[in-house]
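A.B. asks: build me a model from this:
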Amino acid sequence: MSKDVLRYDRMVENALKGVVREALEQVREYGLPGAHHLYLTFATRHAGVQIPDSLIEKYPTEMTIVLQYQFWNLEVNEEWFAVALSFNDVQERLQIPFSAITAFADPSVNFALQFQIQEGVTQSNTPIEVGIPLLSNARKNDAESANETETETLETNTNNVVPLDAFRKD
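C.D. replies: Here you go, the predicted model:
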């Protein structure tokens with residue numbers, strides 16, 4: 001059996017990480033309009049994550065940050081974003097590769113993306129592979145409910161698959 005070179009799961013992942021990147025670029029350029037606020041969850045020990053040791057100690061595997069009222073110096077490039085946030089009245093700079101993101105949500109418009117970590121991949125200083133992202137418009141009150149709602153949405157919407165054969169011309 002030949003190796004599958006068309007990795008659609010990775011293509012979809014890259015496309016949806018592009019949505020996160022573009023959202024952050026727009027926030028950098030224009031600020032957050034209206035009630036928009038962003039939850040970004042990431043693997044703290046993923047290769048390329050640069051956060052203070054005190055945060056790694058407090059959040060050894062995963063951390064959620066919120067971009068809403070007080071954040072500074074948002075930088076966005078093709079591979080990562082960086083932002084300064086206040087922790088216990090101390091401003092800290094975090095640099096997070098897009099490949100480390102496990103969830104993204106904007107509860108003000110009921111939008112969320114979740115990136116599933118494949119089984120057998122450990123949280124260390126090596127890159128984490130992510131499986132097929134899930135898209136949902138369920139209300140997200142916090143990162144915990146985002147994960148629960150995504151699972152429920154996936155389980156209840158499995159009958160919504162439309163075969164592409166119906167659109168093919170012979």
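A.B. asks: can we go C-alpha only for contacts and neighbour counts from here?
C.D. replies: Noted.
A.B. asks: for the chain, which helix is longest?
C.D. replies: helix 8-30 (DSSP state H).
A.B. asks: what's it packed up against?
C.D. replies: Of the remaining helices and strands, those touching helix 8-30 by 3 or more CA pairs under 8 Å, 6 or more residues apart in numbering; DSSP states H and E are strand 71-76.
A.B. asks: average pLDDT across the helix or strand following the strand it packs on?
C.D. replies: With elements assigned by DSSP states H and E, the helix or strand that comes after strand 71-76 is strand 80-87. Confidence for strand 80-87, expressed as mean pLDDT, is 95.
A.B. asks: could you list the buried residues of strand 80-87?
C.D. replies: Trp80, Phe81, Ala82, Val83, Ala84, Leu85 (16 or more other CA atoms under 10 Å).
A.B. asks: redo those as CSV? Include distance to Gln91.
C.D. replies: Shown next, in CSV, are those (distance: CA to CA, whole Å):
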residue, distance to Gln91
Trp80, 19
Phe81, 16
Ala82, 13
Val83, 10
Ala84, 6
Leu85, 5
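A.B. asks: end-to-end on stretch 73-89?
C.D. replies: 16 Å (CA to CA, to the nearest Å).
A.B. asks: sorry, that was for stretch 78-93
C.D. replies: One end of stretch 78-93 to the other measures 18 Å (CA to CA).
A.B. asks: hmm, who's touching that stretch?
C.D. replies: 21, 51-52, 70-76, 94-99 (CA atoms under 8 Å, 6 or more residues apart in numbering).
A.B. asks: between strand 71-76 and the longest helix of the chain, find me the angle.
C.D. replies: Relative orientation of helix 8-30 versus strand 71-76 (axes from the mean of the first three to the mean of the last three CA atoms, to 10 degrees): 130 degrees.
A.B. asks: tell me the angle the very next helix or strand once past helix 8-30 makes with helix 8-30.
C.D. replies: Toward the C-terminus, helix 8-30 is succeeded by strand 38-43 as the next helix or strand (DSSP H and E). Relative orientation of strand 38-43 versus helix 8-30 (the same axes, to 10 degrees): 130 degrees.
A.B. asks: contacts for strand 38-43?
C.D. replies: By CA under 8 Å, 6+ apart, the residues outside strand 38-43 that reach it are 61-68, 96, 100-107, 123, 142-143.
A.B. asks: what does stretch 27-37 give?
C.D. replies: Stretch 27-37 is contacted from outside by Val66, Leu67, Gln68, Leu74, Glu75, Val76, Asp106, Pro107, Ser108, Val109, using CA under 8 Å, 6+ apart.
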